[in-house]
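J.: any chance you can model this:
(2 chains)
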Number of protein chains: 2
Amino acid sequence: MIDGMLSQLSQWLRGEGLESEIVISCRIRLARNLSGYPFMARATETDRRGISELVQRVSDELFDRSSFYFVDIDSLSSLDRMYLLERQLISRELAESTGTRAAVIDKNESFCIMINEEDHLRIHATTSGFEPMRIWQALNEIDDKLSSLLSYSFHPKLGYLSACPTNVGTGMRASVMLHLPALVVTKEIEKVFRSLQKVNLAIRGLYGENSQPVGDLYQISNQITLGKTESELIATLQNFVPQILNFERQSREFLLKEQSEILLDRCSRAVGLLKTARTIGSVETLHHLSSLRLGINMGLIDNITINDVNRLFLNTQPAHLQKLLGEKLPQNERDVARAKYLQINLGSI
Amino acid sequence: MIDGMLSQLSQWLRGEGLESEIVISCRIRLARNLSGYPFMARATETDRRGISELVQRVSDELFDRSSFYFVDIDSLSSLDRMYLLERQLISRELAESTGTRAAVIDKNESFCIMINEEDHLRIHATTSGFEPMRIWQALNEIDDKLSSLLSYSFHPKLGYLSACPTNVGTGMRASVMLHLPALVVTKEIEKVFRSLQKVNLAIRGLYGENSQPVGDLYQISNQITLGKTESELIATLQNFVPQILNFERQSREFLLKEQSEILLDRCSRAVGLLKTARTIGSVETLHHLSSLRLGINMGLIDNITINDVNRLFLNTQPAHLQKLLGEKLPQNERDVARAKYLQINLGSI
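T.: Numbers count the residues shown, from 1 in each chain, chains lettered A, B, ... in the order given. As a prediction, the model looks like this:
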């Protein structure tokens, strides 16, 4: 059933919204636990099933039943789990752990409730562009709905309780995914890293915690959730991210002015390589797509759109590629298939 | 006047002759000194001028005057000297030294007499393909002609005397330029290096002594000239080179069988990069042209010929590029011009 999403672009890849030439997406997630159930580390299979069934029942009551998928993650093939991970709907932890676990996935992919991940509930909402307040309002509404039928573990002094102390309080993590190729090229990205630490913001790669940055994509998020309100945490992002955006914009202008040939060369070669490779890995693909994204946003490439890039970005990832081809393939065959896919889809440019 | 050669392919790049899918060219040079003049290290400017004028006079007498250029190297611009070096007509030593020095260059570029290089005369003849005996016969004829009018320094026991002891005897160096991409990829080239040492053959890069191999091109030549006849020295090459050719052929077959996708990928990407780069250095260009050469010779690329590759190979070198454009350019502008040249000349494939 989740194959229904295969033909659409994930919400976070719509390429719309404010500052979308640098900000890919904006996401907020809430960690919530249910009173009356032990935290996940001590939950039995019976507890897990109970939680899952409860959340399913509540979702059926709160949301239009035709508007979401209730997905039993444990019964999915590893390919389908990777597929949901690549769409950033579920976390690596939910994909790779064992035992009863599920996800309530909005069919527009604008929000998802992960069940039995690190906490009983991890609710997240995502939008493209830099719209943290808008996404917070949407998510807050969902959270309010859920809390009307679920009893959350809440401490009057500490706030929402969570499995890991780092999430106690608001249980919130707000993050933005930024495309920072110019800061990477000019090596100024290190400065961004250092300044982020000072304001308690964390920086991560494309796939969250512990992942390496690929394709010049960085996720920036709040590190602390305790002692501040949700609005204060979002305000930190709202105050700080524009500085990074300015910094990236200045670097792009510098490159265009001082190294336009190198910049043009990078963009042009990226198109050339994506069109002519006969075998290509997903990381190399992301790297070249990053150059395309930069080239389009800087007006150096005009026969392809950001939407095209986002579609290639999503569909050339391993699980997506295999889902599209309708078969599981070993890596070497996947790399050949990816090259073929790129060649066909970039053939006209 | 030497610009007349600009529109033609150098003799050694004709892409014809035996084993031409691996053997680019075959060259023999003779070191000769004139009795009555001190060796170069002790020659005065008057000596140098005397030698130069003598060889010019003799050449006028021996050869059809419309068939060769007599080039006063010292009066050439550095660009023109580099241009002759890139065509492998003169050595780096002749190009970069000072004082009266000259070259008698056959207009077909099949032979050249360098005057006042390390020895009074360095006579070399080149042909494409693996034809060492044929080229030796041609060169021997020229040497016989010259010796009919010039008095060589010759010792009845030692043979031809030369400025450097390594050239005493026959004064001959016979060399073949091989394209060995498959041995490089499979890392078997090291074995070739070791076996060459055992039979007193030296291996060098594209531009002779002390030069790094680029574009998978290697020059193999005899290391000793003393105690053997010319025919024996050539026989060593004739016996040994076919073994390297077989080794390279086996490696190509192995790649085609076991790693055909990687091979196809390399060739296809090379075309893509050469067509889409907007700035490209000469070494990177040689690297990709090597892939094109391999692809054509293995039947993987069919819309471009070896002749096209050889023309690009010659014309994308720094001095050639500047001669074709009619202006001297700094390196960064040269790299942009090279990319443009490649784009135009590969546009149709």
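
J.: how about stretch A:6-24: buried residues?
T.: A:9-15, A:17, A:19-24 (16 or more other CB atoms under 10 Å in any protein chain shown). From N, CA and C alone the C-beta is placed, and that goes for glycine too.

J.: likewise for stretch A:62-72?
T.: Across stretch A:62-72, burial judged by 16+ other CB under 10 Å covers A:Phe63, A:Phe68, A:Tyr69, A:Phe70, A:Val71.

J.: nearest to chain B among those?
T.: A:Val71 (35.7 Å; CB to the nearest CB).

J.: quick one, what contacts the closest one?
T.: Neighbour list for A:Val71: A:Met1, A:Ile2, A:Leu84, A:Ala102, A:Ala103, A:Val104, A:Ile105 [criterion: CB atoms under 8 Å, 6 or more residues apart in numbering or on different chains].

J.: so what's the residue count around the closest residue to chain B within the stretch 101-250 of chain A?
T.: The stretch 101-250 of chain A approaches chain B most closely through A:Val185 (14.6 Å), counting by CB to the nearest CB. If you count neighbours by other CB atoms under 10 Å in any protein chain shown, A:Val185 ends up with 19.

J.: grab the nearest non-local neighbour of A:Val283.
T.: Distance criterion CB to CB, 6 or more residues apart in numbering or on different chains; nearest residue to A:Val283, sequence neighbours excluded, is A:Val214 at 5.4 Å.

J.: ok so, going back, which of the buried residues of stretch A:6-24 sits closest to chain B?
T.: Using CB to the nearest CB, the buried residues of stretch A:6-24 come closest to chain B at A:Glu21, 22.0 Å.

J.: in terms of helices and strands, where is that closest one?
T.: Per DSSP states H and E: A:Glu21 is located in neither a helix nor a strand.

J.: and the longest strand for chain A?
T.: Using DSSP state E, we find that the single longest strand of chain A is strand A:23-32.

J.: next, the closest residue to A:Pro213 other than its chain neighbours: phi, psi?
T.: Counting by CB to CB, 6+ apart, the nearest residue to A:Pro213 once its immediate chain neighbours are dropped is A:Gly205, at 4.2 Å. The phi/psi pair for A:Gly205 (degrees, to the nearest 10) reads phi -80, psi -170.

J.: just the strands in chain A please.
T.: Using DSSP E, strands in chain A cover A:23-32, A:68-72, A:102-106, A:111-115, A:121-128, A:154-155, A:159-160, A:172-179, A:201-204, A:217-222.

J.: gap between A:Gln238 and A:Val199?
T.: 12 Å (CB to CB, to the nearest Å).

J.: up against chain B, what does chain A have?
T.: Chain A comes close to chain B at residues A:261-262, A:264-265, A:268-269, A:271-273, A:275-280, A:332, A:336, A:339, as judged by CB under 8 Å from any CB of the partner chain.

J.: ok, now with 7 Å
T.: Taking CB under 7 Å from any CB of the partner chain as the contact definition, chain A meets chain B at A:261-262, A:264-265, A:268-269, A:271-273, A:275-279, A:336.

J.: which one of those sits in the busiest neighbourhood?
T.: A:Ala277 leads the residues of chain A next to chain B on contacts (other CB under 10 Å) with 25 neighbours.

J.: show me the contacts for the residue lying closest to that one once chain neighbours are set aside.
T.: Spatial nearest neighbour of A:Ala277, chain neighbours left out: A:Ala339 (4.7 Å); criterion: CB to CB, 6+ apart. A:Ala339 is in contact with A:Ala277, A:Arg278, A:Thr279, A:Ile280, counting by CB atoms under 7 Å, 6 or more residues apart in numbering or on different chains.

J.: same list (these) but as JSON lines, adding pLDDT.
T.: Listed next are these as JSON lines, based on pLDDT from 0 to 100:
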{"residue": "A:Ala277", "pLDDT": "97"}
{"residue": "A:Arg278", "pLDDT": "96"}
{"residue": "A:Thr279", "pLDDT": "97"}
{"residue": "A:Ile280", "pLDDT": "97"}
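
J.: how close does the residue nearest to A:Ala277 get to B:His287?
T.: A:Ala339 is 20 Å from B:His287, by CB to CB.

J.: ok, A:Gln137 next?
T.: For A:Gln137 relative to B:His287 (CB to CB), the value is 55 Å.

J.: could you do A:Asn33 as well?
T.: 58 Å.

J.: what of A:Asp64?
T.: Distance from A:Asp64 to B:His287, by CB to CB: 59 Å.

J.: one more: A:Asp3?
T.: 44 Å.

J.: next up, the contacts around A:Met177.
T.: A:Ile24, A:Ser25, A:Leu217, A:Gln219.

J.: closest one to B:Ser110 out of these, please.
T.: A:Leu217 (58.1 Å; CB to CB).

J.: nearest residue to that closest one in space, please, no chain neighbours.
T.: Going by CB to CB, 6+ apart, A:Leu217 has A:Leu206 as its nearest residue, at 4.8 Å.

J.: report pLDDT for the one you found.
T.: The per-residue pLDDT reported for A:Leu206 equals 72.

J.: in contact with it, which residues?
T.: Counted by CB under 7 Å, 6+ apart, A:Leu206 has contacts A:Pro213, A:Val214, A:Gly215, A:Leu217.

J.: any idea which of these is closest to B:Leu79?
T.: Distances from B:Leu79 to the contacts of A:Leu206, taken by CB to CB, are shortest for A:Gly215, at 43.0 Å.

J.: I figured the closest one hits A:Leu289, correct?
T.: Yes. Using CB atoms under 7 Å, A:Gly215 is in contact with A:Leu289, at 6.1 Å.

J.: what's the local residue count around the nearest residue to A:Leu178 once chain neighbours are set aside?
T.: Spatial nearest neighbour of A:Leu178, excluding adjacent residues (CB to CB, 6+ apart): A:Tyr218 at 5.2 Å. Using other CB under 10 Å, A:Tyr218 has 24 neighbouring residues.
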